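Q: Here is a sequence with its predicted model. Questions after.
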Amino acid sequence: MATITVPVSLIVTNVNATTVNLKVSYTLTPSLIEKLAGTVFQESIQAIGDDPGIFDLLITTFPVEFFAVNTGIIKVERSRNRNVLKSNMNEDSAFEATGAEQVDEVFARVIITYAANGPAVPTLPPPTSSNTVTGAWKG
């Protein structure tokens, strides 16, 4: 079974008055069976607004990407970037009693599936979440 480094890294960088950049990084270490099979993985990444309970909000999804492994690969370093409007990041749009904007919390979730040449007994890593980044993103 492939493994994903924990935690996945999420960095939010200001681009301009209306946009931030999300950078998601992690390392996938494929199993020997996956390398021998030439497994092709499908990578899905979501940015999620983190709220208490069951009220998390999907902020954006990164375009799906595919990558293959072989016996010459020890691990796969993955790093993806996506620009997002600050208004989309502003998942807690209310204000505190002091008049300050409520802080938003965002994390990334990486989901890996087999796209081709998966092992006969598929065993994928579970969806893996990043650190949580906080900020007041008003766009």
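A: Received it, and whenever you're ready, just let me know what you need. On a predicted model such as this, the values are computed, not experimentally measured, just so you know. Residues are numbered from 1 along each chain as shown.
Q: Pull out the buried positions in the top helix by length along the chain.
A: If you go by DSSP state H, the chain has its longest helix at helix 32-37. Buried residues in helix 32-37, counted by 16 or more other Cβ atoms under 10 Å: Glu34, Lys35, Ala37. Every C-beta, even on glycine, is put in place using the N, C-alpha and C of the backbone.
Q: pLDDT of that helix, averaged?
A: For helix 32-37, mean pLDDT is 95.
Q: for the protein, what spans make up the helices?
A: Using DSSP H, helices in the chain cover 32-37, 86-89.
Q: buried ones in the shortest one?
A: Neighbour-count burial for helix 86-89, with 16+ other Cβ under 10 Å as criterion, is recorded at Lys86, Asn88, Met89.
Q: same check, this time on stretch 51-70
A: Asp56, Ile59, Thr60, Phe62, Ala68, Val69.
Q: Which of the residues you listed sits closest to Ile4?
A: Proximity of those to Ile4 (Cβ to Cβ) peaks at Val69, which lies at 13.3 Å.
Q: Give me the phi and psi angles of that closest one.
A: When read as degrees, to the nearest 10, the backbone of Val69 gives phi -120, psi 160.
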